[in-house]
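>>> Pasting the sequence and the predicted model now:
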Amino acid sequence: MCQQQIPGFADSQTRMVKGLAFVVPVFAVLLSILLLAACGGHVNHKVVRGESLYSIGFYYGHDYRDIAKWNNIPPPYIITTGQWLRVAPPDDYWWDEERKIPAKQRFSKPPLSANNRYGKPPQPGQLNQAQQAQTKRQEPRHNLVGVAKNNASSGVSTKQIIVEDFTDKSGEISHWVWPTKGRLISPDKKFSPKKDKGIDIAGRRGQPIVATSAGKVVYSGSGLIGYGKLIIIKHNKTYLSAYAHNEKILVAEGDIVKRGQKIALMGRTPDNHIKLHFEIRRNGKPVNPLRFLKR
């Protein structure tokens, strides 16, 4: 039987095979991305210049104390550029291994820097230059309280300086103020801790942004994708507040700020909207700011 080839049929088969050869790898890549997302996304994070444990916890939606615990980082939470951190909750095996370590030894080793991460860790008290600089930069500016104490034996009155950091306390905050004046964008929109994570307030470019409550500036920079020039303030062990898309930042990390103090000027978002994006985090998780701000 004579088989007649249909004109153009061979060419169409060749094009189809080539098309499948292109589609299959692309599909495999997309499938792997979806699987990674389903597995919880990032597990490890490499520290870049300008980041702090507070900003990393803020970005991944975890309490900074949890990330410190997962990485055996003691206060004052020193991290260095190039250091790898676990930013997802460990599995059961990790916790089982952790329980085998005596509590006194869990924080005995200082964090590893980029230079010694794969080598011998530095001995306690022997921090490298990067860690020493980071320690100095992260030392909080405490409130100093003078207390007079009488020496009964000599009758001489001496003055003792007690160092106290009010942000190291836990609990609720009694009074919050609006971070800026303006129009609340989408006031009737249902709050989503996964999507919006906060509220947006429209205003004029350069208008003042103020601290919603007293606290300590724990991040000031532009290293977090999607937030522009960002300020994070620690109010206590429970609450953080964040102020994004600023035109100019007026405070530095470590500054103690009062409620209502001007900390920045309003700027533009990447899509050219003039607004403040404002968030409140409770134990690292986004909560609706409108629960705390009086309207």
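Here it is on my side, so go on. Residues are numbered from 1 along each chain as shown.

>>> Settle this for me: residue 60 is touching residue 45, isn't it.
Yes. With contact defined as C-beta atoms under 8 Å, residue 60 counts as touching residue 45 (7.2 Å). To be clear about C-beta, it is placed using only N, CA and C from the backbone, and glycine gets the same treatment.

>>> how close does the closest residue to residue 184 other than its chain neighbours get to residue 286?
Counting by C-beta to C-beta, 6 or more residues apart in numbering, residue 184 lies nearest to residue 201, which is 5.9 Å off, once chain neighbours are set aside. With distances taken as C-beta to C-beta, to the nearest Å, residue 201 is found 16 Å from residue 286.

>>> Also residue 212?
Residue 212 sits 15 Å away from residue 286, going by C-beta to C-beta.

>>> These two: who's more crowded?
residue 212 (28 against 20; other C-beta atoms under 10 Å).

>>> Pretty sure residue 217 sits against residue 250.
No. Counting by C-beta under 8 Å, residue 217 does not reach residue 250; the two are 10.1 Å apart.

>>> Give me the common contacts of those two.
Here residue 217 and residue 250 have residue 263 as joint contacts, going by C-beta atoms under 8 Å, 6 or more residues apart in numbering.

>>> out of these two, which sits in the more crowded spot?
Between residue 217 and residue 250, residue 217 has the larger neighbour count (other C-beta under 10 Å), namely 22 against 16.

>>> separation between the closest residue to that one other than its chain neighbours and residue 261?
In space, and not counting its chain neighbours, residue 217 is closest to residue 255: 4.5 Å by C-beta to C-beta, 6+ apart. As defined by C-beta to C-beta, residue 255 lies at a distance of 9 Å from residue 261.

>>> Show me which of these two is the more surrounded one.
Just comparing residue 255 and residue 261: by other C-beta under 10 Å the higher neighbour count belongs to residue 255, 19 against 15.

>>> May I ask you to confirm that the more buried one is in contact with residue 216?
Yes. Assessed by C-beta under 8 Å, residue 255 is found in contact with residue 216 at 7.1 Å.

>>> which other residues reach stretch 229-236?
54-55, 58, 166-171, 173, 209, 211-222, 224, 240-249, 251, 257, 263-264, 267.

>>> Give the residues shared as contacts by residue 60 and residue 45.
The contact sets of residue 60 and residue 45 overlap at residue 87 (C-beta under 8 Å, 6+ apart).

>>> Could you look up the SS state of residue 67?
helix (DSSP: H, G, I helix; E, B strand; the rest coil).

>>> What's the local residue count around the nearest residue to it once chain neighbours are set aside?
Closest residue in space to residue 67, ignoring its immediate chain neighbours: residue 57 at 5.1 Å, by C-beta to C-beta, 6+ apart. By other C-beta under 10 Å, 25 other residues sit near residue 57.

>>> Now tell me what touches the strand or helix carrying residue 57 from outside.
For residue 57, the host element (DSSP states H and E) is helix 53-60. The contact list for helix 53-60 (C-beta under 8 Å, 6+ apart) reads 42, 45, 47, 63-64, 66-68, 73, 77, 79, 85, 87-88, 218-219, 221, 223-224, 230, 232, 234, 240, 242, 281, 284.

>>> Tell me what the residue lying closest to residue 44 once chain neighbours are set aside is bridged to.
Counting by C-beta to C-beta, 6+ apart, residue 84 is the residue found nearest to residue 44 once chain neighbours are left out, at 5.4 Å. Residue 84 has these beta-bridge partners by DSSP bridges: residue 46.

>>> List the residues that contact residue 84.
Residue 84 touches 44-47, 117, counting by C-beta under 8 Å, 6+ apart.

>>> for the residues you listed, which one is nearest residue 184?
Checking these against residue 184 by C-beta to C-beta gives residue 45 as the nearest, at 33.1 Å.

>>> quick one: that closest one and residue 51, what's the gap?
Going from residue 45 to residue 51 by C-beta to C-beta gives 9 Å.

>>> again, but for residue 227
From residue 227 to residue 51 the distance is 13 Å (C-beta to C-beta).

>>> and if you look at residue 189?
According to C-beta to C-beta, residue 189 and residue 51 sit 31 Å apart.

>>> Of the two, give the one with the bigger neighbour count.
residue 51 (20 against 12).

>>> got a list of what that one touches?
Neighbour list for residue 51: 79, 223 [criterion: C-beta under 8 Å, 6+ apart].
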